[in-house]
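[1] no sequence on hand, only this structure:
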């Protein structure tokens, strides 16, 4: 199964590729830009679920119009919910203080807003909803989350976004201090993706191969062939890279 991610976010692409490399049902992962096409799906749904499915549907429709309709489309919407801020930034996490504002500035602002909030009330969670559309049009949705608290300072060099201020109590570290393996094992995105992988691995039919009736009719003769999905993708020129570690 080839997967096209409905994002051009390099951090998300790398994280998802790493998480999917052990999935036996997945043979390759790419993002929209790998097709050579320029497209940015919208997210105006107002909830993580609505945004994730909107991005998946819009990307699937766009790629289908351009000849790429045989891949599985995967989209996610995620964000940070801070209880002391009424759930903000929430579904608007990517737009908080402006899309182009560096996360170091956003994180500093959040720390400032919570300066007088005691530790027991600094509770927060990362939420991720993954929506996927199978080549047959079937839709699925998976939700993952991780609870934590907002740290009083930015720490760590790993991760991205709000990772430097999200403290995971079990580890005594912020997300940005965890190794990639540790983060992927417990993160909101890892948990949602894990559910998707379970669904893929439980499929009864191998996902690499699809049957196509070829309308080769000469007089009254009809021929039916089974074509490897990888060969079709190569013929279409979708440009999906093999998974890298």
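    Okay, I see it. Since this is a predicted model, take the numbers as computed values, not measurements.
[2] show me the contact partners of stretch 187-204.
    By Cβ atoms under 8 Å, 6 or more residues apart in numbering, the residues outside stretch 187-204 that reach it are 1, 12, 15-16, 19-20, 23-26, 74, 76, 78, 125-130, 132, 140, 142-146, 175, 183-184, 207. Where C-beta positions appear, they are placed from N, C-alpha and C, glycine not excepted.
[3] grab the longest helix from the chain for me.
    helix 48-65 (DSSP state H).
[4] of the contacts of stretch 187-204, select the buried ones using a PyMOL command.
    Of these, the buried ones go into a single PyMOL selection, burial set by 16 or more other Cβ atoms under 10 Å:
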select buried, resi 1+12+15+16+19+20+23+25+26+74+76+78+125+126+127+128+129+130+132+140+142+144+145+146+175+183+184+207
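[5] among the contacts of stretch 187-204, name the ones in strands.
    In strands, judged by DSSP state E, the following of the contacts of stretch 187-204 are found: 74, 76, 78, 125-130, 132, 140, 142-146.
[6] nearest the geometric middle of this structure, what residue?
    Nearest residue to the geometric centre of the chain (Cα atoms, centre = their mean): residue 76, 3.9 Å.
[7] distance of it from residue 116?
    34 Å (Cβ to Cβ, to the nearest Å).
[8] over to residue 126?
    Distance from residue 126 to residue 116, by Cβ to Cβ: 24 Å.
[9] likewise for residue 166?
    On the measure of Cβ to Cβ, residue 166 and residue 116 end up 20 Å apart.
[10] need the contact list for the residue nearest to the centre of the chain.
    Here residue 76 is in contact with 7, 12, 16, 52, 55, 128-131, 189, 192 (Cβ under 8 Å, 6+ apart).
[11] partners of the nearest residue to it once chain neighbours are set aside in the sheet?
    Nearest residue to residue 76 in three dimensions, chain neighbours excluded: residue 130, at 4.7 Å (Cβ to Cβ, 6 or more residues apart in numbering). With DSSP bridges as the criterion, residue 130 is bridged to residue 76, residue 142.
[12] burial measure for residue 111, as a count.
    Residue crowding around residue 111 was assessed by other Cβ atoms under 10 Å; the count is 16.
[13] how far off centre is the host helix or strand of it?
    Assessed by DSSP states H and E, residue 111 sits inside helix 103-113. On the basis of Cα atoms, centre = their mean, to the nearest Å, helix 103-113 sits 24 Å off its chain's mean C-alpha point.
[14] quick one: contacts of it?
    82, 85, 96-97, 150-154, 160-162, 164-165.
[15] 7 Å instead?
    82, 85, 96-97, 150, 152-154, 161-162, 164-165 (Cβ atoms under 7 Å, 6 or more residues apart in numbering).
[16] buried sites along stretch 171-181?
    Across stretch 171-181, burial judged by 16+ other Cβ under 10 Å covers 173-178.
[17] which residues of the protein score low on pLDDT?
    By pLDDT under 70, the weakly predicted segments of the chain are 204-245.
[18] recalculate using a threshold of 50.
    In the predicted model, the chain carries pLDDT under 50 at residues 205-245.
[19] where do the helices sit along it?
    10-20, 48-65, 103-113, 180-186, 188-201, 229-236.
[20] so the longest helix of the chain versus helix 188-201, what angle?
    Angle, helix 48-65 to helix 188-201, by axes from the mean of the first three to the mean of the last three Cα atoms, to 10 degrees: 50 degrees.
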